[in-house]
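Asks: Below are the sequence and a predicted model; questions follow.
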Amino acid sequence: MPRIITYLFFILFSIVASAQNSFTIKGIVKSKEANIPLEAATVYVTSVKDSSVIDYSITEKSGNFSIVVRKQTQPFILKVSTLGYQNYEKQYPNLTANLNVGEVLVEDAVTTLGEVVIKSEAPPVRIKNDTLEFNASSFKVNPDSNVEALLKQLPGVEISKDGKITVNGKEVNEILVNGKSFFGKDGAVAIKNLPSEIIDKIQVSDTKTKEEQLTGQGASSDKKSINITIQEDKNKGLFGKFTGGYGSDERYEASGLINYFKDKQKISFLGASNNINAVGFSMDEIFDAMGGGRNRSFYSNSNGSFGIDDMSFGGNTGITQSSMIGLNFADELFNKKFEPSGSYFYTNSKNENNNRSRTENLLPADPITGESNSFITESSGNSETKNDGHNASFEFEYKIDPKTTLSVRPKLSKNTTFAEESSESSSTNNLGLINKSNSSKVDDRTATNFSNNFYLMRAFKKKGRSIGLTFNNNNKENDANLINKSETYFFQDPDLADDIRNQREFNNVKENSYYARFGYLEPLMDSLSINVRIAHEWKDYSKNKATFNYNSGNQQYSDANSLLSYDLESRTKIFNPSVGLNVRKKKYSGGAYVGTQVIDFENTSLYTGETNTVNKKYIYPSANGWFNYNLSKSKSIYMYYNFEVRLPNAGQILPVADLSNPLSILIGNPNLDPGKSHNLYMNYNNYDYATKSGYYAYAGANFIESEIVASRSYDPTDLISRTTYQNIDDMMNSYAGINWNKSIKKEANTFRIGFGVSGNYNISKGITNNAEYRSEAFSFEPAVNFGWDYGELLTIEPSYSYNWNLSNFSNYTIDRSSNFTHNFKIQTTSRWPKHVVFGNDFGYTYNSNISGGFKKDFFLLNSSLGYNFMNDKLLFKVKVYDLLNQNQSAVRNITPTAIQDIENTVLKRYVMFSLTYQIEKFGGKKKQDDFN
């Protein structure tokens, strides 16, 4: 408590002191020749002594700017930079009072020969066409920081508590390095492991498909893409980092990343191993790979699993020991005509988990007595799972000639899993104990997947005219070999026999899909074009399941069980001609496509010697559209709509009984129709670079015209779930939210404030015991965060979120269910005295309405103390995870059919000692700090 009071006093004192020593520079930027105000020009102040950037702003639509700068007793320079104009500079002797510079007239950047002058000093922020560019050297980060730390300093860039990156409210779904993927396009490895000191620019633009990139169309997505460019003199060299650590309870971590860059050629290698539920090669300067606090990114989950470019690695719930090696390369060959890039990962993991759960299964009340039919299922189990995986992805782009480009992007993966599980459960209702079961399972399976995206584009002499050919394939196969032993006992129905099994099951599932499309793009005028497309898609699915009972005579699994064996086959053909209009103006862009889907849907099953065929044909419209309107350089509105048709799968539509689980029987319904829905989304974002503040609002809804839902029935004397599928109309999922953030810089103090609120409203329907129920679910989550940096010495970042959930039920055994959670976190980092880094992550979580026997709240405190030596090449750390020894994993899930509380094994307190070694060998000089 004394430390907190000291911090608060220090903050107040700093604010008061800063206010007394800050002055405002304001004016208006205009074109000298045209005498018109210039919007989105960068105005910044630099020191004459060392050229460091003191502060900056962006002009408004009216050309006005205002910069609050601390008192300057030494000479400084006011600079203006904007595309198409010459840089403006004016020196002032000091700043001891507010300064109005009046009109700042800038000249066209054109030489006497009519050539545009493009070489000039880079301002901190520049807006050019559709790209927002940040000059990395203008933003202050610690010398040993990674790209993620740099991103956090950029105005308008936010990284949420779960690691999602947004720019001016729009989600980032692609991160590139020098225009190429770096261990996957999601940038997971890049932002955590590339040092910030080698970065030149951070470029933000709209994410485009390959077709949109090559044809010059506007982006149909509202997502953002970040391109990280490396300084030219750092593009030749070798750099990397290696970490090793060992601690109590035999916890360990080891990781290394080495990079070789030579102009356009880039080769990187990484390796990692740990048993602390972590990705293992994070360069976090405070906690390395230790999870549970700040070192939780958009690719790493709290349970230890993580994903890179749609590939999943690591653990699940429980404790995971994982290892990986990876290789990434990118190059330009044949005079920049051929651009290959790719990555490969080998992963190995072992996961152990113990779990227990309590589930209240919600059923409609008895129509005669009105009594509740709900029942309680309590279960516990343990598992051990081993995984081996090979994952490779490549991208090849070849410029056949100036007007023809070929893009090929193949991916290949092979993963093997060996799992051993055991569990026991019991179910009770108002009659008492109904059933009880125990089981053990050995699961040995291999999954392979090959996919490829092929795109060939040919442009013509007429600007905007082109043809394109797309061919995509995805081929999956999953082979499983299972041994299942189970005992299920029933206590209320004397005519129902107990179910004792000792079986071996062979499963083979194949899924092949192919998509081909030809498109012709014709410009109708400069900003309007028509796009004619013809697409054909075909999918093949097969599942072959063979089950054999154990024969005690020959001690083999040799007795075929026809009730638990079947073959399913499904074939889908979709022909989709469509036509669309695309418009792209300076202020707005959009597109709308309409067409017809002709669907041929064929399904066949072989079960107990009987063949069943379900063939259907459908004709549906296809429609989608988007519109983006830029109100100004920093304000925009985006809207999107599409109509979606979802076909049932083979198991849902074929009349085959799946009896794999003694307590759950599934059978398809041949009379099913496809699901149909209308999806709407819109957002508004506004970021004011002049005040370094902004907000964005969003809303979306999925109006479900028809949906395929499970129809379950239970006999209260056995509680076996007997499930088939039916269509239900008129459901909805909707969501909305608004977020605001602001940065304030005063002297050595930087303050960051953020507030957001989001909510959901969903209408769900289902069928249980032949009665249709309705559920209305509400959720509401406000969140606030604050950050304070005092130079390089101290960083404090508290945050708080509250989540409230309410479900109302109609024609159900209960009328409503609700719960709420509190989540408070505070992160502190101190870099005093010199060479010493001290970090703490504290979190508190409270869950209100959790069942008895499950703990409602817990604290999590991680601490790290590090010391740099040998010119900061070596870093020694002592880290403690879960210092209070309170970590737990108890969560509540509320669905329209159940309220479930689950608890899994979690990591508990451990201490670790680690040593990190950093190597750097560049062709250029070490970058100096360029921001005061």
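Replies: That came through fine.
Asks: Could you use CA atoms for every contact and neighbour count after this?
Replies: Noted.
Asks: Could you check how many residues crowd around Glu569?
Replies: A count of nearby residues for Glu569, using other Cα atoms under 10 Å, gives 21.
Asks: for it, phi and psi?
Replies: Main-chain torsions, Glu569, degrees, to the nearest 10: phi -140, psi 140.
Asks: now it, which residues is it bridged with?
Replies: Bridge pairing for Glu569 (DSSP bridges) gives the partners Ser542, Thr604.
Asks: That one is in contact with Gly651, isn't it?
Replies: No: taking contacts as Cα atoms under 8 Å, Glu569 lies outside contact range of Gly651: 9.5 Å.
Asks: Could you report the separation of Lys462 from Lys403?
Replies: Lys462 sits 11 Å away from Lys403 when distances are taken as Cα to Cα, to the nearest Å.
Asks: Compare those two (neighbour count), which wins?
Replies: Counted by other Cα under 10 Å, Lys462 and Lys403 do not tie: Lys403 has more neighbours, with 13 against 9.
Asks: following the worst-scoring helix or strand of the chain on mean pLDDT, which helix or strand comes up?
Replies: Between all helices and strands in the chain, the lowest mean by mean pLDDT, DSSP states H and E belongs to helix 2-19, at a mean of 45. Note on helix 2-19: by DSSP states H and E, the next helix or strand toward the C-terminus is strand 22-31.
Asks: Give me the distance between that following strand and the centre of its chain.
Replies: Remark: strand 22-31 is offset 40 Å from the chain centroid, using Cα atoms, centre = their mean, to the nearest Å.
Asks: With stretch 726-738 instead?
Replies: For stretch 726-738, the distance from its own C-alpha centre to the chain's C-alpha centre is 22 Å (Cα atoms, centre = their mean).
Asks: can you check stretch 89-98 too?
Replies: The answer for stretch 89-98 is 46 Å, by Cα atoms, centre = their mean.
Asks: hey, C-alpha coordinates of that stretch in PDB?
Replies: Provided in PDB are the C-alpha atoms of stretch 89-98 (Å, rounded to 0.1, in the frame of the first residue of the first chain):
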ATOM      1  CA  GLU A  89      11.500  23.900 -42.000                       C
ATOM      2  CA  LYS A  90      11.800  26.900 -39.700                       C
ATOM      3  CA  GLN A  91      14.100  27.300 -36.700                       C
ATOM      4  CA  TYR A  92      13.200  29.000 -33.400                       C
ATOM      5  CA  PRO A  93      15.600  30.000 -30.600                       C
ATOM      6  CA  ASN A  94      13.400  28.700 -27.800                       C
ATOM      7  CA  LEU A  95       9.800  28.100 -26.600                       C
ATOM      8  CA  THR A  96       8.900  29.800 -23.400                       C
ATOM      9  CA  ALA A  97       5.300  30.800 -24.300                       C
ATOM     10  CA  ASN A  98       2.500  29.700 -26.600                       C
END
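Asks: Can you give me the buried ones in it?
Replies: Leu95 (16 or more other Cα atoms under 10 Å).
Asks: residues in contact with that stretch?
Replies: The contact list for stretch 89-98 (Cα atoms under 8 Å, 6 or more residues apart in numbering) reads 23-25, 71-80.
Asks: So how do I select the buried members of those in ChimeraX?
Replies: Selection command for ChimeraX covering only the buried members of the contacts of stretch 89-98, criterion 16+ other Cα under 10 Å:
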select :23,24,25,71,72,76,77,78,79,80
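Asks: which of the contacts of stretch 89-98 sit farthest apart?
Replies: Thr73 and Val80 (21.6 Å; Cα to Cα).
Asks: count of neighbours near the closest residue to Leu327 other than its chain neighbours?
Replies: Computed as Cα to Cα, 6 or more residues apart in numbering, the closest residue to Leu327 that is not its neighbour in sequence is Phe269, at 4.6 Å. By the measure other Cα under 10 Å, the count of residues near Phe269 is 19.
Asks: try Asn129
Replies: Neighbours of Asn129 under the rule other Cα under 10 Å: 10.
Asks: Tell me the spacing between the residue nearest to Leu327 and Phe261.
Replies: As judged by Cα to Cα, Phe269 and Phe261 stand 12 Å apart.
Asks: Just checking: what are the partner strands of the host helix or strand of Arg126?
Replies: Element membership for Arg126 (DSSP H and E) is strand 125-128. Applying DSSP bridges to the sheet, strand 125-128 is found paired with strand 131-135 (antiparallel).
Asks: Check which residues of the helix or strand that the strand it pairs with is followed by are buried.
Replies: Counting by DSSP H and E, the next helix or strand C-terminal to strand 131-135 is helix 147-153. Neighbour-count burial for helix 147-153, counted by 16+ other Cα under 10 Å, picks out Val147, Glu148, Ala149, Leu150, Leu151, Gln153.
Asks: State the pLDDT value of the third one.
Replies: Which is Ala149. Among the per-residue scores, Ala149 shows a pLDDT of 85.
Asks: for it, what are its contacts?
Replies: Val141, Ser196.
Asks: Which residue of the chain lies farthest from its centroid?
Replies: Using Cα atoms, centre = their mean, the residue of the chain lying farthest from its centre is Gly553. It sits 54.0 Å away.
Asks: Is it correct that that residue falls within a strand?
Replies: No: Gly553: not assigned to a strand; according to DSSP: H, G, I helix; E, B strand; the rest coil it is coil.
Asks: State the distance from it to Asp559.
Replies: 11 Å.
Asks: and what of Tyr252?
Replies: 47 Å.
Asks: Return the set of residues that bridge with Ser47.
Replies: Phe76.
Asks: With Ile665 instead?
Replies: Arg722.
Asks: can you tell me which residues contact it?
Replies: The contact partners of Ile665, taken as Cα under 8 Å, 6+ apart, are Ala657, Asp658, Leu659, Ile720, Ser721, Arg722, Thr723.
Asks: try Tyr800
Replies: So Tyr800 contacts Ala783, Val784, Asn785, His822, Asn823, Phe824, Lys825 (Cα under 8 Å, 6+ apart).
Asks: Can you flag which of those residues belong to strands?
Replies: Ala783, Val784, Asn785, His822, Asn823, Phe824, Lys825 (DSSP state E).
Asks: Can you tell me the closest non-neighbouring residue to the last one?
Replies: When you say that, I think you mean Lys825. Closest residue in space to Lys825, ignoring its immediate chain neighbours: Gly843 at 4.3 Å, by Cα to Cα, 6+ apart.
Asks: No more questions from me, cheers.
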